[in-house]
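K.L.:
Using only what follows, build the 3D model:
(chains A and B)
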Amino acid sequence: MSKDIRIRKGLDIKLVGEAEKTTANATRSNVYAVKPDDFHGIIPKVIAKQGSEVKAGDPLFHSKTNEHILFPSPVSGEVVEIVRGAKRKILAFKILADKEQQYVDYGAKDVSQMSAEAITSHLLASGCWPFIKRRPYDVIADPAVAPKAIFVSAYDTAPLAADYDYVLAGKEEALQAAVTALSKLTSGAVHVSVNKKGSSPFAGLANISVHQLSGPHPVGNVGVQIAKIDPINKGEVVWTINPQDLVVIGELLLTGKFNAERVVALTGSSVKKPQYFVSKIGAEVSSVVYDGGVSDTNIRVISGNVLTGDNVKPDGYLGYYHNSITVIPEGDDYEFFGWNKPIFNKISPSRALTFSWLFPKKKYDLNTNTNGEHRAFVVTGNYEEVFPMDIYPLQLLKACAVKDLDAMEQLGMYEVAPEDFALTEFICVSKQPHQEIIREGLDLMLKEIG
Amino acid sequence: MSLKDKLHSLKLKYKGKKMAPAFNAIHTFLYLPNEITHSGAHVRGADDLKRTMNTVIMALLPCLIFGMFNAGYQHHLAIGEITAVDGFFGSAFWSIDNLVVGLWKVLPLVVISYGVGLAVEFLFAVIKGHEVEEGYLVTGMLVPLIVPVDTPLWMLAVAVVFGVVIGKEVFGGTGMNILNPALTIRAFLFFAYPTWMSGDKVWVHGAVERANEIAGGAQLDAISGETVLGALAQGKQVAYSASDMFLGFIPGSVGETSALLILLGALFLVFTKIGSWRIMLSAVLGALVMGLIFNGVVSAEWIGTGSKFYSLMSTEFWHHLIIGGFAFGVVFMATDPVTASQTNKGKWIYGFLIGFISILIRVFNPAYPEGVMLAILLMNVFAPTVDHYVVQGNIKKRMKRLKVKTA
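P.N.:
Residues are numbered from 1 along each chain as shown, chains lettered A, B, ... in the order given. Presented below is the predicted three-dimensional model:
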């Protein structure tokens, strides 16, 4: 049954540098990298040794805890380097791409004829499994545990996010194959949430239950949608998957090829010409960023959006789950009397001599300054204004901070992921690291309760 | 080299040293720090704790300025020196003479409050190696506004040390305390030096001195500086009109007298979203309900005019809002987010009970008819309990959802 979702609580962070709806081909990246850190909680075991040749779709490594979960190479070429950090932790697999791309042929499938087991083993073998994440804990799904439902958010409300309606246009066939396959893996429904005002390619698909979204960010967060449609109780599992990853799965099912291509939005106030690029998972961000041109030298390059993305540095690589690259100025400078003078150029949920409430339509050029120092939690009641779930955010954060597992469980920890606390982190007067606190809390729960 | 660069190199020099927090506190006062985001969201909102606290101070400033004029006005009025209308706006209130007395008496209170309190804060920050947190900025402004104008400075200093150390630092500093630090200081003064904190002599500058002179045999008229509440508690006739009480031309603690300016401060805090309107509104409701109950008791003639509670009970219910420290306490101290209830539902309960209990104490404690201080301190202690039950409601809802599923 379809159920529309409308929220009032939240905050749209309007930034300068929205991607123009034109798509260019990115300069071909020489080296691609797959970073095990993109897959939270996964300890990699090397399959493709340094110097070996791989095709696109060949596994690079598998999870230490489950050898069936394979992580594929997005391109064909030579594994030129396995970068290691402290304690020989693997930081990245670097693949020097061939000029002519070769794909492993996993064989085209007729999804409607496949059983759930066949689909699961096919997705595992072809390296598509890591696209599927689970709640609670926001980690890669366990193939042995069937979810009660699967959720896809096809409307990203994060600041400067890629417009899914635009990047997925024309991919209906692949999407249909993917959702049909997924619908066989759950006893419940595949819930897809779309922008009420948009025209989503999902609208006409079969085997899904479509929900229309309206309201400010974080209505596009899948966690909010789960909470409104079918909240997670203790002992239940749901899966989530990004729509652009459905395209990869769909293509695999239709053609047998693991095609890591995706349309990436290059955004942010430091980009001269923000627009969309066709690129691939793991591509050098420079291959996209420098076509767009940056207007400053002191910049931060983020794989993903400004709320949840990773700081990848200008010589970094596109993250495995990301479909946008944001470039904004660093804010490592002092501001004279910045704490008490009237502020017009920053966003604030309050009106304490901050005037963003006067200009609801204005787009801001924010930098990475924290606008204050880390303090104890003092202000109350402000997180609730931007937190649309039926959860007490401050109390949950405090339970995580003191590692009180019982309280975490009771207060709704199973329902949240770090990204759900990005907005409370944004507005936090005490500049507390909310997402980090929640991530550590989830990790602790996963370890202790499982 | 600009000031900015000089301070930056000094900051690097002090980094890791014992005195670093003290230096940083002054540095961050001048410059918003150059800190950038490291984890989580890459951009952050404009507000920090300094801005939040500063907003409260701005809301308090009108009360402080009015309090200075009023200190002088009450003094001159009491010794019979208000004769000519020679002030601004053609009133006897806004005169330079009044302001001079006010500055002379009130500024030292402000200086001592901030000086001693911040010294303790800096000391603890250096010892414990954390940054100086901004909580005291507001406390330091509240304290001079809630004490009688003639409070000896040494007393204030002792009380501030007690309040900051016992009321706040032993719990871990700003954000961790259970009781409102400003009220802890006020309560310490009240219980340690009751003769300076209550009665009919302390509220007007010069009254205590005059009383001593009379006791020494001087032939002078005694100054009566009774507050409205004091008069009511003793069943005397109140010499002030409701508009005087609302505008604040009455004796009382330095900043608490003008309900009008407190109301403006409240509107400012609510508009800037810094103060909780839930607490303010529910406290007013609580006070009105209690006031109506007492008025009802009087009109039902359950108590007679002879009762020592009669006078306060028969006070019109809405007068309670504009006399004594009720308005000031509710707007500026009950709303302290650290010591108040932290859930929105809890804030309604917490605020209502503060209003309710304030008037209850006011009426039944004629020896010290100012109930709002004790009511807020009491509810500070119970705020976590209120929150506990509110949060339990949320937890129960979640449990119920689970049961429906599994059943």
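K.L.:
Which of the helices and strands in chain A ranks last by mean pLDDT?
P.N.:
helix A:285-292 (a mean of 82; mean pLDDT, DSSP states H and E).
K.L.:
Counting neighbours, which bits of that helix end up buried?
P.N.:
Residues A:285, A:286, A:287, A:288, A:289, A:291, A:292 are the ones in helix A:285-292 that count as buried (16 or more other C-beta atoms under 10 Å in any protein chain shown). Backbone N, C-alpha and C define where each C-beta goes, glycine included.
K.L.:
And the residues you listed, which is closest to chain B?
P.N.:
Nearest to chain B among the buried residues of helix A:285-292, counting by C-beta to the nearest C-beta, is residue A:285 at 14.6 Å.
K.L.:
what residues are up against that closest one?
P.N.:
Shown in contact with residue A:285 (C-beta atoms under 8 Å, 6 or more residues apart in numbering or on different chains): A:301, A:303, A:312, A:314, A:315, A:316, A:317, A:318, A:325.
K.L.:
List the contacts of residue B:274.
P.N.:
Taking C-beta under 8 Å, 6+ apart as the test, what residue B:274 contacts is A:350, A:352, B:52, B:55, B:56, B:59.
K.L.:
how far is the longest helix seen in chain B from where the chain is centred?
P.N.:
Counting by DSSP state H, the longest helix found in chain B is helix B:372-406. Centroid displacement of helix B:372-406 relative to its chain, using C-alpha atoms, centre = their mean, to the nearest Å, is 27 Å.
K.L.:
Stretch B:342-356 now?
P.N.:
18 Å.
K.L.:
Please apply the same query to stretch A:397-413.
P.N.:
24 Å.
K.L.:
what comes into contact with that stretch?
P.N.:
For stretch A:397-413, contacts defined as C-beta under 8 Å, 6+ apart pick out A:136, A:234, A:377, A:389-392, A:395-396, A:421, A:424, A:432, A:434, A:437-438, A:440-442, A:444-445, A:448-449, B:391, B:394-395, B:398-399.
K.L.:
Output the residue of the stretch 51-200 of chain B whose distance to chain A is smallest.
P.N.:
For the stretch 51-200 of chain B, C-beta to the nearest C-beta, closest residue to chain A: residue B:175, 3.0 Å.
K.L.:
Now that residue: closest residue in space, sequence neighbours ignored.
P.N.:
Residue nearest to residue B:175 in three dimensions, not counting chain neighbours: residue A:376, with 3.0 Å by C-beta to C-beta, 6 or more residues apart in numbering or on different chains.
K.L.:
need the contact list for that neighbour.
P.N.:
Going by C-beta under 8 Å, 6+ apart, residue A:376 touches A:430, B:133, B:172, B:173, B:174, B:175, B:176.
K.L.:
picking that back up, show the average pLDDT along the longest helix of chain B.
P.N.:
Taken as a whole, helix B:372-406 has an average pLDDT of 91.
K.L.:
Please see if it touches chain A.
P.N.:
Yes: residues of helix B:372-406 contacting chain A under C-beta under 8 Å from any C-beta of the partner chain: B:387, B:391, B:394, B:395, B:397, B:398, B:399, B:401, B:402, B:405.
K.L.:
Show me what counts as buried in that helix.
P.N.:
By 16+ other C-beta under 10 Å, the buried positions in helix B:372-406 come out as B:372-380, B:383, B:386-387, B:390-391, B:394-395, B:398.
K.L.:
before we move on, back to that, type out the PyMOL command that picks the buried ones from the contacts of stretch A:397-413.
P.N.:
Buried subset of those, written as a PyMOL selection, criterion 16+ other C-beta under 10 Å:
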select buried, (chain A and resi 136+234+377+389+391+392+395+396+421+424+432+434+437+438+441+442+445) or (chain B and resi 391+394+395+398)
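K.L.:
rewinding a little: buried among the contacts of residue A:376? Make that a PyMOL selection.
P.N.:
Selection of buried members from the contacts of residue A:376 for PyMOL, criterion 16+ other C-beta under 10 Å:
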select buried, (chain A and resi 430) or (chain B and resi 133+173+174+175+176)
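K.L.:
So which of the contacts of residue A:376 is the closest to residue A:343?
P.N.:
residue A:430 (18.0 Å; C-beta to C-beta).
K.L.:
Let's verify that closest one: helix, strand, or coil?
P.N.:
When classified by DSSP: H, G, I helix; E, B strand; the rest coil, residue A:430 comes out as coil.
K.L.:
Could you report the distance from the residue nearest to residue B:208 when sequence neighbours are not counted to residue B:150?
P.N.:
Take residue B:208 and drop its neighbours on the chain: the residue closest to it by C-beta to C-beta, 6+ apart is residue B:201, 5.0 Å away. Counting by C-beta to C-beta, to the nearest Å, the gap from residue B:201 to residue B:150 is 9 Å.
K.L.:
With residue A:277 instead?
P.N.:
Counting by C-beta to C-beta, the gap from residue A:277 to residue B:150 is 74 Å.
K.L.:
Give me the more crowded residue out of these two.
P.N.:
residue A:277 (23 against 20; other C-beta atoms under 10 Å in any protein chain shown).
K.L.:
right, and the more buried one touches residue A:22 too?
P.N.:
No: the criterion here is C-beta atoms under 8 Å, and residue A:277 misses it with residue A:22 at 9.8 Å.
K.L.:
hang on, the earlier thing: make JSON lines out of the contacts of residue A:376 and add pLDDT, secondary structure and distance to residue B:255.
P.N.:
Shown next, in JSON lines, are the contacts of residue A:376 (pLDDT from 0 to 100; DSSP: H, G, I helix; E, B strand; the rest coil; distance: C-beta to C-beta, whole Å):
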{"residue": "A:430", "pLDDT": "93", "secondary structure": "coil", "distance to residue B:255": "28"}
{"residue": "B:133", "pLDDT": "86", "secondary structure": "coil", "distance to residue B:255": "24"}
{"residue": "B:172", "pLDDT": "87", "secondary structure": "coil", "distance to residue B:255": "29"}
{"residue": "B:173", "pLDDT": "87", "secondary structure": "coil", "distance to residue B:255": "26"}
{"residue": "B:174", "pLDDT": "87", "secondary structure": "coil", "distance to residue B:255": "22"}
{"residue": "B:175", "pLDDT": "87", "secondary structure": "coil", "distance to residue B:255": "25"}
{"residue": "B:176", "pLDDT": "90", "secondary structure": "coil", "distance to residue B:255": "27"}
